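Chemist: using only what follows, build the 3D model:
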Amino acid sequence: MSRIGKKPVTVPAKVTVTIDGNNVSVKGPKGELDRSFSELVTIKQEGEEILVTRNDESKDSNAQQGLTRTLINNMVIGVSEGFEKKLELTGVGYRAALKGKDLNLSLGYSHPVIYACPENIIFEVPDNTHITVKGISKEQVGQVAAEVRSKRPPEPYKGKGIHYEGEHIRRKLGKAAK
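Modeler: All right, here's what the predicted structure looks like:
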């Protein structure tokens, strides 16, 4: 039994949800998201709640029920509040700046790294060592933050690189450890 899948998704007053079979469209003050879901589950709206039920008792439909409920909940939260990920740059000379909408990164390479801003994503650079990735799709915000981090992931000896805010980097001792 999927415990998460049984919970209803509450829809805020400023969000409208349209269900067409297994296609769900969510519209709110921040934007609109569309997604199609598996045929193993049935999606119904009852008042201010969305219920996801299984069509049979198979293991796959049990997994799809919890996944579908979570994805719909993330869509509702995204169009009403939005999502954000914060990144930090650690290292001498490592800087971030906005160039139009794109992200201009100085990461110790012989050239600046320019990351083009995807649609529905907003970059904010409060200071030159912090980056905030904002958007309405949790999946897209996480993917863009991971791609920016992959331009210079943190290394284990000095901890230099791009890392998530609050991420713990396991450090190694280096040559002096003998």
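Chemist: and for residue 14, the neighbour number?
Modeler: Under the neighbour criterion other C-beta atoms under 10 Å, residue 14 is assigned a count of 11. Heads up, the C-betas are built off the backbone N, CA and C, glycines and all.
Chemist: now residue 119
Modeler: The criterion is other C-beta under 10 Å. On that basis, residue 119 has 6 neighbouring residues.
Chemist: hang on, isn't residue 4 packed against residue 69?
Modeler: Yes: judged on C-beta atoms under 8 Å, residue 4 makes contact with residue 69 at a distance of 5.9 Å.
Chemist: between these two, which one's more packed in?
Modeler: For residue 4 against residue 69, the residue with the higher neighbour count under other C-beta under 10 Å is residue 69, and the figures read 24 against 13.
Chemist: so what's the more buried one up against?
Modeler: Going by C-beta atoms under 8 Å, 6 or more residues apart in numbering, residue 69 touches 2, 4, 5, 7, 9, 52.
Chemist: find the pair from those with maximum spatial separation.
Modeler: Of all pairs drawn from the contacts of residue 69, the one with the longest distance (C-beta to C-beta) is 2 and 9, at 13.6 Å.
Chemist: of these two, which one has the most company?
Modeler: Shown here are residue 2 and residue 9; by other C-beta under 10 Å, residue 9 has more neighbours (23 against 18).
Chemist: is the more buried one in a bridge, and if so with what?
Modeler: As for beta bridges, residue 9 partners with residue 50 under DSSP bridges.
Chemist: read off the pLDDT value for it.
Modeler: What the model reports as pLDDT for residue 9 is 92.
Chemist: can you check the one 3 residues further on too?
Modeler: pLDDT, the model's per-residue confidence, is 92 for residue 12.
Chemist: what of residue 177?
Modeler: 63.
Chemist: for residue 57, same thing?
Modeler: With respect to pLDDT, residue 57 scores 88.
Chemist: what pairs with the longest strand seen in the chain, parallel or antiparallel?
Modeler: In the chain, assigned by DSSP state E, the strand with the most residues is strand 83-90. Neighbouring strands of strand 83-90 in its sheet, by DSSP bridges, are strand 130-135 (antiparallel), strand 161-164 (antiparallel).
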